[in-house]
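*Asks:* Kindly generate the corresponding structure for this input.
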Amino acid sequence: MNNDKSKAMRRLSNALNANDMESAKKIIETDVKRHLPKYEYYFYLGLVSEDNNEKLRYYGKSLEANPDFSDAYINRGLVKNELQDYEGSIEDYDKALKLDPKCSLAYNNRGYTKYKKGDYEGALADYNKAILLNPKLNIALDNKAKLLDEVCLKDDDEFSAKFYLSNGIQEINKGNFLEGLKNIDESLKHNDKSDVAYFYKAIAYHNLNNTDLAYENYTKTIELNKNMVDAYYNRGQLILKDNPKQALDDFVSAVALDSKFIDAYFAIAAVQKNLGQYEDAIKNLDKIIEMEPMAVNAKALKKLILTKYLK
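*Replies:* Numbers count the residues shown, from 1 in each chain. Down below sits the predicted model:
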């Protein structure tokens, strides 16, 4: 973005934040117009217009210039909702979601339109999709709470399980392991057959140095999904020090499921070296080097084995 455009967009942003639509419109028609493609120019004109019919006209022009501009469909859907053109509003949100199936805002807005037209089950389903895509989307959380307060509807276990699982994974990935575990346990109340939930529960305990519970949950993960490659690898890493032979079995299971799992091959070779299985270790290191010719660690371990143990 060039300097003039940056200044113009900053001025426009300031005017929009101040809710000064008259100034915003002047900035769009003078400075911003020179720097934006037509579809964005018309989009911003629609954004600052205070007349709904004028908004529809500008968003329509934006979409004529760029039929794949999902933001224009979303905003036009909002206007149609205000005008009680609920079918037209839903049609615009459908088009936006076809362009961007992961747009949580479009799901929320479509849910609100369905709520307005009395389709409460459809509204709940859309709010749930929005929340699963973005668990922190407050507008969807508020809309759903309002719907459930007004209408006698019950959330299904599938949504609750996915919602708490998503929250738990986010917290664990951020290093908030205890908070993550609370959410995962809540998820398991709704679906106690989720291999992913047990896997992340194991990761949390692994990071908290609770070996017993980490092992228990990696094992439960594998019982539920015998193809969970990372569960075998992580369990192998967990027990490597105290039980290298069982760890070796887990690493072998991992590469049996994923023949390109370089870290697992290296772990196998390292265990085999420690167990005195030097020839087997060399074979696995050669597999790594074949897949990744610049694998420094594999080359170094191979050199060590050849010079110190197989000379």
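*Asks:* List the contacts of N234.
*Replies:* Contacts were defined as Cβ atoms under 8 Å, 6 or more residues apart in numbering; by that measure N234 touches 202-203, 206, 218. In this view, the C-beta of every residue, glycine as well, is placed from N, C-alpha and C.
*Asks:* swap that for G175, sorry
*Replies:* Counted by Cβ under 8 Å, 6+ apart, G175 has contacts N207.
*Asks:* cool, and I74?
*Replies:* By Cβ under 8 Å, 6+ apart, the residues touching I74 are 92-93, 96, 103, 105-106, 109.
*Asks:* just to revisit the earlier point, most neighbours among the contacts of N234, which one?
*Replies:* Counting neighbours by other Cβ atoms under 10 Å, the top entry in these is Y218, with 29 neighbours.
*Asks:* what does the top helix by length along the chain contact?
*Replies:* Once the chain is assigned using DSSP state H, the helix that runs over the most residues is helix 157-173. With Cβ under 8 Å, 6+ apart as the test, helix 157-173 has contacts from 128, 131-132, 135, 177, 179-184, 186-188, 190-191, 194, 196-197, 200, 203-204, 207.
*Asks:* where along the protein do the strands fall?
*Replies:* Counting by DSSP state E, the chain has no strands at all.
*Asks:* where in it is pLDDT low?
*Replies:* 1-3 (pLDDT under 70).
*Asks:* how does it look with 80?
*Replies:* Flagging of the chain using pLDDT under 80 yields the residue ranges 1-5, 8, 12, 15-16, 31-35, 156, 311.
*Asks:* Which residue comes closest to I262 once chain neighbours are left out?
*Replies:* I288 (5.4 Å; Cβ to Cβ, 6 or more residues apart in numbering).
*Asks:* Please give me every residue in contact with the one you found.
*Replies:* Contacts of I288 (Cβ under 8 Å, 6+ apart): 262, 265-266, 269, 295, 298.
*Asks:* For the stretch 151-300 of the chain, which segments are assigned as helices?
*Replies:* 157-173, 177-190, 195-207, 211-224, 229-239, 244-257, 262-274, 278-291, 296-304 (DSSP state H, counting those that start in this stretch).
*Asks:* could these go into TSV alongside distance to M9?
*Replies:* Converted to TSV, the helices of the stretch 151-300 of the chain look like this (distance: least, Cβ to Cβ, whole Å):
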stretch	distance to M9
helix 157-173	31
helix 177-190	38
helix 195-207	41
helix 211-224	48
helix 229-239	43
helix 244-257	50
helix 262-274	45
helix 278-291	47
helix 296-304	46
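*Asks:* and of the ones you listed, who's closest to D31?
*Replies:* Of all the helices of the stretch 151-300 of the chain, helix 157-173 sits nearest to D31, with 40.1 Å by Cβ to Cβ.
*Asks:* And for F261, the neighbour number?
*Replies:* When neighbours are counted by other Cβ under 10 Å, F261 comes out with 21.
*Asks:* and it, how far is that from N274?
*Replies:* Distance of F261 to N274, computed by Cβ to Cβ, to the nearest Å: 20 Å.
*Asks:* Kindly report the same for Q84.
*Replies:* 73 Å.
*Asks:* same deal with S49?
*Replies:* 72 Å.
*Asks:* Who has more neighbours out of those two?
*Replies:* Ranked by neighbour count (other Cβ under 10 Å), S49 and N274 place S49 first, with 18 against 12.
*Asks:* I figured that one was touching L56, is that so?
*Replies:* No. Judged on Cβ atoms under 8 Å, S49 makes no contact with L56 at a distance of 9.3 Å.
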